[in-house]
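J.: quick one, what's the 3D model for this:
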Amino acid sequence: QVQLVESGGGLVQAGGSLRLSCAASGRTFSTNPMGWFRQAPEKEREFVAAINWSRGSTYYADSVKGRFTISRDKGKNTVYLDMNSLKPEDTAVYYCARSTIQWWIYSDSRSYDYWGQGTQVTVSS
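T.: Predicted coordinates:
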């Protein structure tokens, strides 16, 4: 089993920054990719960013490209999401996820099989 624990959410004004962290524990593998998704009220869960754990390749949704940065610390088994120039439309519950699925598609939530509990990010205008 893999446990994922997010932290770092909160309330911030538009234009501000936040850093989310997601620590993985349990039965983890050094090659498992990880991603961030978010879900706003009454909306579908959507892809935000993902990282190939071993190569460090990164992927972003168009809506956050240039503003958000995903990174990982292999030694700490932790993935980060640095969010800059935040907008009110970034308000959502943010979830980190880890994939042990061979057919992993970075933007497809169905290809992630472990999820954190989520952390609320609220951006005020």
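J.: so Val123 sits against Gln13, correct?
T.: Yes. Here Val123 reaches Gln13: they are 7.3 Å apart, a contact under C-beta atoms under 8 Å. For every residue, glycine as well, the C-beta is placed using N, CA and C.
J.: so those two - more neighbours on which side?
T.: Per other C-beta atoms under 10 Å, whichever of Val123 and Gln13 has more neighbours is Val123, with 20 against 10.
J.: run through the bridge partners of that one.
T.: Val12 (DSSP bridges).
J.: for Met83, see how far away it is.
T.: 9 Å (C-beta to C-beta, to the nearest Å).
J.: so which strand or helix has the residue lying closest to Gly118 once chain neighbours are set aside?
T.: Distance criterion C-beta to C-beta, 6 or more residues apart in numbering; nearest residue to Gly118, sequence neighbours excluded, is Val93 at 4.3 Å. Here Val93 sits within strand 92-98, counting by DSSP states H and E.
J.: can you list the strands that that strand pairs with?
T.: Assessed with DSSP bridges, strand 92-98 is paired to strand 34-39 (antiparallel), strand 114-115 (antiparallel), strand 119-124 (antiparallel).
J.: ok now the first one, how far from the chain's centre?
T.: Distance, stretch centre to chain centre, for strand 34-39: 4 Å (C-alpha atoms, centre = their mean, to the nearest Å).
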